[in-house]
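Chemist: model this:
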Amino acid sequence: MIDFNAFHFLRPGWLIGFIPLAIGAYVLFHKRVSSKGWMNILPPHLYQHLVISNTSSHTQNPTWILFTVAGTLTLLALAGPTWKQLPQPVYNVNSATVIVMDMSLSMRATDLKPDRLTRAKYKAIDVVNEINEGEIGLVAYAGDAFVVSPLTTDVGNLVNLIPSLSPEIMPIKGSHTFSGIEKALLLLQNSGFKQGHILLVTDGVSQKEMSSIVPLIRSSNVVLSVLSVGTKDGAPITLASGELLKNRQGGIVIPSLNTDPMQQLAKIGRGVHTQLTVNNEDVRQVTNRAMQESRAGENFEQSDAPLSGDKWEETGPYLLLVVIPLVAYFFRRGIIFVLAGILFVPIYTPPAHADWWDNLWQNQDQRGKRAFEREAFGDASNLFDNPEWKAASLYRDEKYGEAVSVLEHLNTPNAHYNRGNALAKLGRYDEAIDAYEQALKLESEHVKARENKALLEQLKS
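Modeler: Here you go, the predicted model:
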């Protein structure tokens, strides 16, 4: 019995072959009809004496019908009709990985472009996509830790959750790494995992916290790896409001990266420590360690009963048994060569990248925004029609002079403010101060323009 609810084609791209098949069938049928063309030219009383009649062969010639039937069955067979799954042993991977992400304000430091937090989130998504075994959970911490996602095999859910993380959503400010690791261990324990892998993504662990974290790790049976984010030199912390984070004395806070405690922590946790890289080397290291842990000991459990996997029983080959005797007719002398071109059906392969399809429905600014979000600022600056977005892309691409050229023709507060920022980067402080003043003339409450103007005036003095 055919289960029509489960019926589908394994290779539906072959169905596009019905277009050339229909054209071929039409050509053959038209050729059969046009072979009687003399009947339309000669009078009937002359036609029967001048033309040798072969009416019976024409009316009974099944070429176009056989071609259509054989082509239809062949295309259906190639498309892979199926409705039944094959039973097969399925192995459940009894392993888990918890990603613990630092959401302290220091993650807003801009020593990595555009900032540490953005780069860390992209790397976390890469790790989630790369780990293809077991369950994955997500914990975020600042002054306290919270479970963002329990352990799950739904990678898509995690990929959707990670971009929404930010220090601003955390109820308690700070950087309490102990709470994040403790929450991850509790998540593994409550889910029934005696061992697992924790990946800590952070820009720093204090020596004070090490004294409490080390006993916690040693008393557990988990592997702890660390992905450190940032540089030794550090950079100012740009808050979501655009302001720079300052200490109580009014000085600008510049957090630097000290990897020594993190290397020590990874060593004690039997994991790996790697610093965030521009390529996928860091992702490869931590995911390899996670997969090693998933394969260690008694981490694989085979289901007692055969389960239905993703392999389907294909019925296409049975249709080809019907096609063989139909195709045999075409081996009559000459026919197989005439039909060779018609029978050829190109393989339809979906494009590897769907960008051309997306671009068909998006304007220049929308395509530019996608490039900007991917941090492809050079491409974004070429795509944007909106001058302010184009200037922002050039600024992020460190092409400050070009950004100034784009903005100098605009007369809005933000345009003057951004032009001032670009001029300041070029060291043209007087022009930058003038740009900030123009922004303040148009919008007297432009706080960022006033602060930057004061900062430059202080630097000049």
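Chemist: contacts and neighbour counts: CA atoms only from here.
Modeler: OK.
Chemist: Gly401 and Leu426 touch, don't they?
Modeler: Yes - counting by CA atoms under 8 Å, Leu426 is a contact partner of Gly401 at 7.4 Å.
Chemist: so is Ala22 in a helix, a strand, or just coil?
Modeler: In terms of secondary structure, Ala22 is helix; the call rests on DSSP: H, G, I helix; E, B strand; the rest coil.
Chemist: which element is the closest residue to it other than its chain neighbours on?
Modeler: The shortest distance from Ala22 to any non-neighbouring residue, by CA to CA, 6 or more residues apart in numbering, is to Thr68 (7.6 Å). Using DSSP states H and E, Thr68 sits in helix 63-79.
Chemist: mind listing what's buried in that helix?
Modeler: 63-64, 66-79 (16 or more other CA atoms under 10 Å).
Chemist: now do the closest residue to Pro167 other than its chain neighbours against Gln249, distance only.
Modeler: Nearest non-adjacent residue to Pro167, counting by CA to CA, 6+ apart: Met103, 4.8 Å away. Noted for Met103: a distance of 24 Å to Gln249, by CA to CA, to the nearest Å.
Chemist: more neighbours: which of those two?
Modeler: Counted by other CA atoms under 10 Å, Met103 and Gln249 do not tie: Met103 has more neighbours, with 28 against 6.
Chemist: mind listing what the residue nearest to Pro167 touches?
Modeler: Counting by CA atoms under 8 Å, 6 or more residues apart in numbering, Met103 makes contact with Leu117, Ala140, Tyr141, Ala142, Leu165, Ser166, Pro167, Met170, Ser175.
Chemist: between these, which is closest to Gly316?
Modeler: Checking those against Gly316 with CA to CA, the nearest one is Leu165 at 48.3 Å.
Chemist: mind listing what that closest one touches?
Modeler: So Leu165 contacts Met103, Ala140 (CA under 8 Å, 6+ apart).
Chemist: local confidence estimate at it?
Modeler: In this prediction, Leu165 carries a pLDDT score of 93.
Chemist: okay, strands next: where are they in the stretch 101-250 of the chain?
Modeler: Taking DSSP state E, counting those that start in this stretch as the test, the strands found in the stretch 101-250 of the chain are 135-141, 145-152, 197-202, 223-228.
Chemist: which one, of those strands, ends up nearest to Val278?
Modeler: Closest to Val278 of the strands of the stretch 101-250 of the chain is strand 223-228 (CA to CA; 13.0 Å).
Chemist: tell me which residues in the closest one are buried?
Modeler: Neighbour-count burial for strand 223-228 flags Val223, Leu224, Ser225, Val226, Leu227, Ser228 (criterion: 16+ other CA under 10 Å).
Chemist: right, and the first one touches Val272 too?
Modeler: No - applying CA under 8 Å, one finds Val223 not in contact with Val272, separated by 9.0 Å.
Chemist: ok, and the closest non-adjacent residue to Glu408?
Modeler: Distances taken as CA to CA, 6+ apart put Arg419 closest to Glu408, at 7.1 Å, once the chain neighbours are dropped.
Chemist: separation between that neighbour and Lys460?
Modeler: Note on Arg419: its distance to Lys460, by CA to CA, is 19 Å.
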